[in-house]
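[1] generate a structure from the sequence data that follows.
(one chain, ligands or ions: 2)
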Amino acid sequence: MSANPATAATTPVTATATAPAPTSPESSTASKKSSLATLRGLVPFLAPYKPQFVMAGVALLFAAAATLAIPYAFKQMIDLGFGATGSKSTEHIDFYFLALFGVAAVLAVATAARFYAVSWLGERVTADIRSAVYRHVITQSPQFFEITRSGEVLSRLTTDTTLIQSLVGTSISMALRNALLFVGGLGMMFFTSVKLAAIIIVLLFVTILPIILYGRRVRTLSRDSQDRIADASAVAGEILNAMTTVQAYTHEKIEADRFGSSVERAFITAIRRIRARSLLTVLAIVLIFGAIVFVLWLGAHAVIQGSMTGGELGQFILYSAIVAGAVGALAETLGEAQRAAGATERLLELLAERSPIQSPDKPLSLPPRTQAGASLEMHDVTFNYPSRPQSASLTHLTLSVKAGETVAVVGPSGAGKTTLFQLLLRFYDPQQGRILLDGVAIGDLDLHVLRDAIGIVPQDTVIFAADAMENIRYGRVDATDDEVIAAAKMAAAHEFIEKLPDGYKSFLGERGVRLSGGQRQRIAIARALLKNPPLLLLDEATSALDAESERLVQGALEAAMAGRTTLVIAHRLATVQKADRIIVLDEGRLVETGTHASLVAQGGIYANLAALQFHVK
Ligand SMILES: Nc1ncnc2c1ncn2[C@@H]1O[C@H](COP(=O)(O)OP(=O)(O)OP(=O)(O)O)[C@@H](O)[C@H]1O
Ligand SMILES: [Mg+2]
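    Ligands and ions are numbered 1, 2, ... in the order given. Below is the predicted model:
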């Protein structure tokens, strides 16, 4: 979580994305929590499914009872069946074999029912957790995505949830089943021979303690292991989105190696966990079987001395086998549970992540619109990005835009133009100053109300892996096809879309790879127009378009600006000339304001910029 993406890219070894910062008291207590306490976080996800749990529980009880009945039937068979003589013996044999089969039939049905109920729970709960985490993550502010790599989140959603699925879908029922067998088997052992059972219970107690203690280690390693997988996914996710750059720089091998070593680290961590768990298994089996064999040895002597029947010892042996098997399985599921606890911890952390940008509890509403366009005011706004506390991206910015006005924002690269838009959309809150939309502080508005009032055409347009129609409709999901086409016409996108192989139904490729830069931009403009917002923010792409698409995009922009308030980050002379007013930003400060002609006459920064960029003297 605390990974700096910059270091992660170059030195993935040290970028332990998830190691809790030692300075944070919250995370250090979290890491001390016992695994069971962590799993308690799953309770809200399990709670809605009480009936399914009851069904699984009933099936489980039946299965355990059937299993425990088998040794008893076995003893009856030996002592009464084989031990007795004559016709009575045949009768007994028939009865007990029939009973044995009946028990097996109950076992079969109960086991199947348990499997169904429990697997259903596992799938259901995993689906719920996936949705909940995704729903939560996509409400996070951009600050979250500056420090969290998307591939990591994806890995959490897929692999971490899979661990929880195996916990809920099998481990819990295995644990319950074996706990029942353990308790029931132990009870039956006491019933068979108090003395032997007492000895065994003391021995078991002594052996289980170290097993539990060692199990803790498995959990830590398990979390490490999941983190390494998330790292690898993050690396792959980033690179797959930049394939053309990777290939143009012929970095295929470098990237493959980088991913390879990331995977290798995941492997090494996994092996450490597996080694720890293997040791746990050895420890458990040797200690427990050692204890049981010792007690059986005592039992064998008891039979020889005649203080116990052969059937009783047989029964005792079977119960000890059940108990030992149960303990072994419990140790195994403990390992599973600890793995899942590691994963749960991570998912719950994601869920606990609170976006610093929240809608107020009692949001104000915007006044009813009386004019075309929204008014905008900024008072003494100072802002630095959270990751750059030392350098302000905007300094003491004061600006007032009337409804319906078109303001061009110009300035050198890095002046803070895009930052200004980020603040208007409330992706970040300024450290100082106020921003008012239609006279209401944007912090007092519901986030959705604020953002619904703003249309944005970003610097790098985003095209989704869908057809042209759906990509434009993203601006307003309930728009009809005709409305979409009208917006496309206004944005000068209709003509080229018509020429695509399937017209509006043409698939644009992931991230719009099947379109040119200018075409992508016009799709983005059409999308913003369809939304028809009172405030439009245009971040003109700096990339040079050819004269024809420049003319088309320009026409589209002009159509977009009509009848609303527009802030346009301008890189083209045509755009600044259309604006009512030009403001010039430099190093986060508003340095000049005026019209094109007055600013050129002033001979300041704008005049310089204009000379360089627009070739105006
Ligand atoms: N997410 C971020 N975290 C930290 N600093 C940032 C972030 N985004 C931008 N900056 C910094 O803030 C300053 C202003 O950036 P901004 O994107 O607003 O520039 P711009 O005026 O839009 O430039 P351009 O014309 O090149 O798009 C720059 O110094 C930039 O490095
Ligand atoms: Mg910018």
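
[2] got the domain ranges for the protein?
    The chain is divided into the following domains under automatic domain parsing: 40-352, 376-614.

[3] check contacts around Thr139.
    Ser355 (Cβ atoms under 8 Å, 6 or more residues apart in numbering). All C-beta spots, glycine's among them, are computed from the backbone N, C-alpha and C.

[4] hey, what's Val440 bridged with?
    Val440 has these beta-bridge partners by DSSP bridges: Leu437.

[5] and for it, the neighbour number?
    Burial of Val440 is recorded as 17 neighbouring residues (other Cβ atoms under 10 Å).

[6] among the domains of the chain, which is nearest Lys362?
    Proximity to Lys362 (Cβ to Cβ) singles out domain 376-614 among these, at 8.6 Å.

[7] up against ligand 2, what does this protein have?
    Within reach of ligand 2 by Cβ under 5 Å from the ion, the chain has these residues: Thr418, Gln459.

[8] who does the lengthiest helix in the chain touch, helix- and strand-wise?
    Ordering each helix of the chain by length in residues (DSSP state H) puts helix 252-305 first. With contacts defined as 3 or more Cβ pairs under 8 Å, 6 or more residues apart in numbering; DSSP states H and E, helix 252-305 has these neighbours: helix 194-240, helix 310-352.

[9] including mean pLDDT, mean neighbour count and distance to ligand 1, could those helices go into TSV?
    Below are the helices and strands packed on helix 252-305 laid out as TSV (pLDDT from 0 to 100; neighbours: other Cβ atoms under 10 Å; distance: least, Cβ to the nearest ligand atom, whole Å):
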stretch	mean pLDDT	mean neighbour count	distance to ligand 1
helix 194-240	79	19	16
helix 310-352	82	22	21
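
[10] can I get these in TSV with distance to Val58?
    Shown next, in TSV, are these (distance: least, Cβ to Cβ, whole Å):
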stretch	distance to Val58
helix 194-240	28
helix 310-352	20
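
[11] of all these, which one is nearest Leu447?
    helix 310-352 (19.3 Å).

[12] tell me which element Ser400 falls in.
    Using DSSP states H and E, Ser400 sits in strand 394-401.

[13] helix, strand, or coil at Ile435?
    strand (DSSP: H, G, I helix; E, B strand; the rest coil).

[14] so it touches Ile442, yeah?
    Yes: between Ile435 and Ile442 a contact is recorded at 5.0 Å, counting by Cβ atoms under 8 Å.

[15] where does whatever residue of the stretch 51-200 of the chain ends up closest to ligand 1 sit, in terms of helix or strand?
    Residue nearest to ligand 1 within the stretch 51-200 of the chain: Glu146 (5.4 Å; Cβ to the nearest ligand atom). For Glu146, the element it lies in under DSSP H and E is helix 142-147.

[16] got the buried residues for that helix?
    Gln143, Phe144 (16 or more other Cβ atoms under 10 Å).

[17] elements contacting that helix?
    Partner elements for helix 142-147 (3+ Cβ pairs under 8 Å, 6+ apart): none found.

[18] immediately after it, which helix or strand?
    Sequence-wise, the next helix or strand downstream of helix 142-147 (DSSP H and E) is helix 150-155.

[19] packing partners for that following helix?
    Looks like helix 150-155 contacts helix 194-240 (3+ Cβ pairs under 8 Å, 6+ apart).

[20] chain center to the helix it packs on: distance?
    How far helix 194-240 lies from its chain's middle: 23 Å, per Cα atoms, centre = their mean, to the nearest Å.

[21] can you check stretch 609-616 too?
    47 Å.

[22] so does that stretch get close to ligand 1?
    No: contact of stretch 609-616 with ligand 1 (Cβ under 6 Å from any ligand atom) is absent, the minimum separation being 10.8 Å.

[23] now that stretch: average pLDDT?
    Mean pLDDT, stretch 609-616: 75.

[24] what's it in contact with?
    Contacts of stretch 609-616 (Cβ under 8 Å, 6+ apart): Val410, Gly411, Pro412, His571, Arg572, Leu573, Val576, Val584, His596, Leu599, Val600, Lys617.

[25] pull the CA atoms of that stretch into PDB?
    Only the C-alpha atoms of stretch 609-616 are listed here, as PDB (Å, rounded to 0.1, in the frame of the first residue of the first chain):
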ATOM      1  CA  LEU A 609       4.200  31.800 -25.600                       C
ATOM      2  CA  ALA A 610       2.000  33.000 -28.500                       C
ATOM      3  CA  ALA A 611       5.100  33.800 -30.600                       C
ATOM      4  CA  LEU A 612       6.500  30.300 -30.000                       C
ATOM      5  CA  GLN A 613       3.400  28.300 -30.100                       C
ATOM      6  CA  PHE A 614       1.000  30.100 -32.400                       C
ATOM      7  CA  HIS A 615       3.700  31.800 -34.500                       C
ATOM      8  CA  VAL A 616       2.200  35.200 -33.700                       C
END
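
[26] same question for the host helix or strand of Val409, mean pLDDT?
    Val409 is located in strand 406-410, with elements delineated by DSSP H and E. When pLDDT is averaged over strand 406-410, the result is 93.

[27] so Ala492: helix, strand or coil?
    coil.

[28] which residues are in contact with it?
    Arg522, Leu552, Val553, Gly555, Ala556, Ala559.

[29] quick check, nearest of these to Tyr606?
    Once Cβ to Cβ is applied, the member of the contacts of Ala492 that ends up nearest Tyr606 is Val553, at 22.5 Å.

[30] hang on, the earlier thing: in strands only, show me the contacts of Ala492.
    The members of the contacts of Ala492 all map outside strands under DSSP state E.
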